[in-house]
Structure formats: C-alpha cells, structure tokens
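> Pasting the sequence and the predicted coordinates here, then a few questions.
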Amino acid sequence: MVVEEVRYDFEDHPRYADDFVRDLLKLMIIAKLNAAVRNPTSKAYFQRLVSQIEGCEAYVVKYGQPLLYAKYRDMEFTDQKVTSQFVRQKDHVIDVTMESVFGEFVKSFDILASMSESRVKWAIAAKDDKPDPLFELLNAFVDAVSKLTALEISREDSIAGKRFAIRNAFINRKSLQLEFMVNGQLNILEMNPSKKRKDDKISVLFAKSETAHSIAALMKQS
C-alpha cells in the first residue's frame, strides 16, 4: 500500500483555502461515484450526470456485477483505485492523505487535487439542456462541509482538525446515497432532487456523529 500525505498551506492567500477544500471535495465525490449497469434508470442518470462534468465520462468495471464509474481527466476511478481524506488543521492549512496499492494512482490524484487548471467544473449543460438539479444539492453539501471545516475547533459541530473522507457515492435510480467518514465514523446522506419540498430532498439515513445532521441542516438553509 502506497500512502502519501501532502500539506497545502495557504498562509499567504488564506481565502484560497476554502476554494481548495470545495474543489477537493468535488474530486473526492467524483472518485467514488458509481451506479449499477443493470438498472436502466440508474445507468441513464449516471451517464447524464457525468456528461455535465467537464473532462468526465462513464466507463464500466466488471466486479461481481458490472458497475459504472467515472473516468475524470484520463484517470479511471473505482472503489479500490485510490482513497483520500483530509484534515483542516488551521484555517489555511489542509493535510491530504492519499492511499492506493499503486503509487501512480496516488501521484495522479495529487496532481488533480493540486493543479489550479484541473479545478472541477460541473453542472455544465449543453445549450438545449439544463444542469441536473442534483448538482445544486451537491454544491450545498460541498459548501456545508467547507463551512464546518472553517469553524473554531472547540465547537461541537466543527470538522476542523477531524479526518474527513468520502467512502461511496452511489446512484440509485435518480437519487444519490453519499457515504462519508468523520474521524472514522460512518454517515450516510441521501439526496433526491425529484422531491418537491426542499426539506425532503435531503435525508440523513445513518449518522454516527452529529456532523451529518449539521451538514443536512446547512444544506436545507442554502
């Protein structure tokens, strides 16, 4: 197993730290995005989503059952390809840990995370289409996590100083089940943009920490 930890220090430009955290979160979500090929609704929705992410396309991985994953800027992601987590140590310092059985995948992920020209651009629709509403919920999630990482570490709802990771982002028909870890504790949010009421679009399915409820509350306020 190849493990690399990289420290990103934005002391000279502190406002860039928030941009980095938001962009890293988007990349971490794309890296875990998947759907079952044999479910036609899930397959079609997954393909629609990745078509609205710049530099991204869908490809099939044959495990026990074939699954769709994202190929982003020539890097083919799967559950096992690379795992990552970050800790915001100070307002302007972010430590990112990347793990993989292959060193080249760690290097590629580090490049994607650190290069400003590789910033993730999603919700990009063709002229005759509209951005999928799931991206609005994903942006709300990204903004909520970013805000919580910037809070004083002494606050109960703060994520500052805690290890944050995306474990899975599974498309089930037209909803997304997003699994994330806070200091090793699993939390699961479901995002369903087809629901009419905003409060119904975001559900906490499982929470081992109060962080999930804080994130959901911030998402509903956005």
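Ah, there it is.

> Could you list the low-pLDDT ranges of the protein?
Along the chain, the model assigns pLDDT under 70 to residues 116-118.

> all strands for this protein, in order.
Taking DSSP state E as the criterion, the chain contains strands spanning 2-9, 33-36, 56-62, 66-72, 75-76, 83-90, 93-100, 164-172, 175-182, 185-191, 202-207.

> Which strands and helices lie in contact with the third one?
Other elements packing on strand 56-62 under the criterion 3 or more Cβ pairs under 8 Å, 6 or more residues apart in numbering; DSSP states H and E are helix 40-51, strand 66-72. Any C-beta I mention is one placed from the backbone N, CA and C, and that applies to glycine too.

> ok, that strand: who's next to it in the sheet?
When pairing is defined by DSSP bridges, strand 56-62 lines up against strand 66-72 (antiparallel).

> Could you list the buried residues of the partner strand?
Leu67, Leu68, Tyr69, Ala70, Tyr72 (16 or more other Cβ atoms under 10 Å).

> got a list of contacts for it?
For strand 66-72, contacts defined as Cβ atoms under 8 Å, 6 or more residues apart in numbering pick out 27, 30-31, 33-38, 43, 46-47, 50, 53, 55-61, 76-78, 112, 171.

> what's the angle between it and helix 40-51?
Here strand 66-72 runs at an angle of 10 degrees relative to helix 40-51 (axes from the mean of the first three to the mean of the last three Cα atoms, to 10 degrees).
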